[in-house]
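K.L.:
Quick one, structure for this:
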Amino acid sequence: MSRIDYSSWLKLSLSISNLRLDKNNPRIPYYIPTKTTKDILSYLFEQENIENLAENIVDKGFINHEPIYVTKENDYYVVIEGNRRISALKCLLNPSQAPSVKLTRKFEKLKNKLGNDLIDKVEVYVASSRIDAQNVLFELHAEGKLQWNRQQKNNFIVDAGATSGESIEEIAARFNVKPSEIQDSVQEYYLNRYFTELGLPTDIEEKALNTNFSLTNLSRLVNTNLFKQITGFKINDGKLQTQISKNKFNYLISYFVKDIIDKIVVTSLDDDRFYLDINKHTPVLFFDRYIKNTSLPFITSESICSVAELISSQTKQLDEFYFIGCDLQLTTINSRLEGFKQGLSKAGLKLNDDWIISADYRENRGYELIKQVHRKLGRLPKAIFTPSCNILQEILSYLVEINAKQKDIYLCSYDHNIYFDYICYPIDAIAQDYASMAKACVDTTNKLINFKPLKNRTIFIKPQIVWDSKQQGS
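P.N.:
You can find the predicted model right below:
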């Protein structure tokens, strides 16, 4: 695809009442009707905090900090980027458009409060086409600060392909990402749409279609070699295909969906009620991961003090330090972030919020995150700490790809790996004491199954720091 000339896009001042909300807004799930403006407003008010946005506009004024993009379709200007803001402005201009009597009354009061400051026009950029505007949306919402949730990103990717007729490889090239990322989004989109064909109980189906449902977990399960060998599962021309009967396939997907909802299949641990029920008849011991403030016993590596020591020792020579990680809801990762912050503070370096880069984990996420930072800064960050070895491996693949030099970046990580000794970049890393962790696990398990009291229910095993940069620098 040829380079887009954004400078050629017109900048116009258009009437809000003449702007149309986007029926293909990625924020709106496929099963929500979007035939009318009322349909769209009803969903956005319920899910996207339009009411609070309108209140902020009234109290603080309309700050057009991010451009509003539109495209002309069938003689109408359709809002491609800025639907939330335009929704709020439409209802302030005409309160009867608010989706309920209660909201109409509230917006009448807000409109009166604005008085002569009522906003009836806004400046917009007119994209040459919806396809060209998609490149801007991807930068803002798939990779930037205003990120969509997983389902919204998947909706966007599939719609982008449907609009342009491009292949997965062509879409990936247009958005400058790996084809596997686009493939994952397409697969998750069609799996999500398939939920309504499973015959799930209404309450389970509602939870599965909710944006909080972990499509990432389901994607991992169906992408295992074992599952694919048994079922022959694949997506072909927008359809799920298998080599087993539909009843058997539906049973397996339904089983996975229910287990994910019941948190039997988990990546995050945020509630111990399920495990407390098990503990009534079977002893439960958390190993490595644990739940904050749980009464159940756990064994894990100490993180806060060791990470703070690692970071503070190197920060004295730096004026920036990035944390790149995933799944901050995990107690282990969150503790490593806390250690990172304490290390910066100990060294006298004030934390910049932009230095904390995180997202839900999926394959190659570390590669994607460092790539985003590189593009944003126009250079590599001076220093990076990763809270897990797999993220560092993916970052290293990007550094090798761009032929980054040792002097360009300082790297450190939690989880030392022996392969660090065989790569060209010096990496200071925290090595967990697996032998002591294993011994503590065996000793604690023996006490639990023999109903002996535990002297310590929270066991933090001290790791050690492997100073690779000091060895190579000596």
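K.L.:
Tell me the backbone dihedrals of residue 330, please.
P.N.:
Backbone torsions of residue 330, given as degrees, to the nearest 10, read phi -70, psi 130.
K.L.:
Report the separation between it and residue 383.
P.N.:
23 Å (Cβ to Cβ, to the nearest Å). The C-beta positions use only the backbone N, C-alpha and C, and glycine is treated the same way.
K.L.:
And for residue 127?
P.N.:
Shown here: residue 127 relative to residue 383, a distance of 38 Å by Cβ to Cβ.
K.L.:
Of these two, give the one with the bigger neighbour count.
P.N.:
Remark: of residue 127 and residue 383, residue 127 carries more neighbours, 24 against 20, as counted by other Cβ atoms under 10 Å.
K.L.:
mind listing what residue 465 touches?
P.N.:
Contacts for residue 465 were tallied using Cβ atoms under 8 Å, 6 or more residues apart in numbering; they are 306, 309, 310, 428, 429, 430, 431.
K.L.:
doesn't residue 347 make contact with the second one?
P.N.:
No: under the criterion of Cβ atoms under 8 Å, residue 309 makes no contact with residue 347, lying 10.6 Å away.
K.L.:
For stretch 423-437, which residues meet the burial criterion?
P.N.:
The neighbour-count check on stretch 423-437 (16 or more other Cβ atoms under 10 Å) flags 425, 426, 427, 428, 429, 430, 431, 432, 437 as buried.
K.L.:
How about residue 16: what's its closest non-neighbour residue?
P.N.:
Of all residues not flanking residue 16 in the chain, residue 89 sits nearest, at 5.0 Å (Cβ to Cβ, 6 or more residues apart in numbering).
K.L.:
Which other helices and strands does whichever strand or helix holds that neighbour contact?
P.N.:
For residue 89, the host element (DSSP states H and E) is helix 83-93. Identification of packing neighbours for helix 83-93 by 3 or more Cβ pairs under 8 Å, 6 or more residues apart in numbering; DSSP states H and E yields helix 37-47, helix 50-60, helix 101-114.
K.L.:
And the contacts of that helix?
P.N.:
Against helix 83-93 from outside (Cβ under 8 Å, 6+ apart): 16-17, 19, 21-22, 25, 27, 37, 40-41, 44-45, 48-50, 53-54, 57-58, 62, 64, 68, 79, 97-98, 103, 107, 110-111, 114, 118-120, 122.
K.L.:
one more time with 7 Å, if that's ok
P.N.:
Contact with helix 83-93 is made by 16-17, 19, 21-22, 25, 41, 44, 48, 50, 53-54, 57, 68, 79, 97-98, 107, 110-111, 114, 118-120, 122, as judged by Cβ atoms under 7 Å, 6 or more residues apart in numbering.
K.L.:
Equivalent analysis for stretch 343-361, please.
P.N.:
With contact meaning Cβ under 7 Å, 6+ apart, stretch 343-361 is reached by 216, 307-308, 310-312, 315-316, 318, 320-328, 341, 365, 369, 373.
K.L.:
ok, of those residues, which come out buried?
P.N.:
Taking 16+ other Cβ under 10 Å as the criterion, what is buried in the contacts of stretch 343-361 is 216, 307-308, 310-312, 315, 321-328, 341, 365, 369, 373.
K.L.:
tell me the strands in the stretch 201-350 of the chain, going along the chain?
P.N.:
Assigned by DSSP state E, counting those that start in this stretch, the stretch 201-350 of the chain shows strands spanning 234-236, 239-241, 286-287, 298-301, 322-326.
K.L.:
Now tabulate these in JSON lines and tack on mean pLDDT.
P.N.:
Converted to JSON lines, the strands of the stretch 201-350 of the chain look like this (pLDDT from 0 to 100):
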{"stretch": "strand 234-236", "mean pLDDT": "86"}
{"stretch": "strand 239-241", "mean pLDDT": "87"}
{"stretch": "strand 286-287", "mean pLDDT": "89"}
{"stretch": "strand 298-301", "mean pLDDT": "94"}
{"stretch": "strand 322-326", "mean pLDDT": "94"}
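K.L.:
quick one: which of these is nearest residue 392?
P.N.:
Nearest to residue 392, of all the strands of the stretch 201-350 of the chain, is strand 322-326, at 8.7 Å by Cβ to Cβ.
K.L.:
Can you give the strand pairings for that closest one, parallel or anti for each?
P.N.:
Note on strand 322-326: by DSSP bridges, its sheet partners are strand 356-359 (parallel), strand 383-386 (parallel).
K.L.:
Now do the buried residues in stretch 142-158.
P.N.:
142, 143, 148, 150, 151, 152, 153, 154, 155, 156, 157, 158.
K.L.:
Residues touching it, excluding its own?
P.N.:
Applying Cβ under 7 Å, 6+ apart, the contact partners of stretch 142-158 are 26-27, 29-30, 137, 140-141, 171, 182, 185-186, 188-189, 192, 211, 215-216, 372.
K.L.:
Mind giving me the PyMOL command for buried ones among the residues you listed?
P.N.:
Of those, the buried ones go into a single PyMOL selection, burial set by 16+ other Cβ under 10 Å:
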select buried, resi 26+27+29+137+140+141+171+182+185+186+188+189+192+215+216+372
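K.L.:
Just to be sure, which of the contacts of stretch 142-158 are found in helices?
P.N.:
By the criterion of DSSP state H, membership of these in helices covers 137, 171, 182, 185, 186, 188, 189, 192, 215, 216, 372.
K.L.:
so which of these comes closest to residue 199?
P.N.:
Using Cβ to Cβ, the ones in helices among the contacts of stretch 142-158 come closest to residue 199 at residue 192, 16.0 Å.
K.L.:
ok, the closest one to residue 151 distance?
P.N.:
Using Cβ to Cβ, we find residue 192 at a distance of 6 Å from residue 151.
K.L.:
Quickly list what's touching both of those two.
P.N.:
Common neighbours of residue 192 and residue 151 are listed as residue 215 (criterion: Cβ under 7 Å, 6+ apart).
K.L.:
just to revisit the earlier point, using JSON lines, lay out the contacts of residue 465 together with pLDDT and distance to residue 231.
P.N.:
Listed next are the contacts of residue 465 as JSON lines, based on pLDDT from 0 to 100; distance: Cβ to Cβ, whole Å:
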{"residue": "306", "pLDDT": "97", "distance to residue 231": "44"}
{"residue": "309", "pLDDT": "96", "distance to residue 231": "49"}
{"residue": "310", "pLDDT": "95", "distance to residue 231": "45"}
{"residue": "428", "pLDDT": "94", "distance to residue 231": "44"}
{"residue": "429", "pLDDT": "94", "distance to residue 231": "39"}
{"residue": "430", "pLDDT": "95", "distance to residue 231": "40"}
{"residue": "431", "pLDDT": "94", "distance to residue 231": "40"}
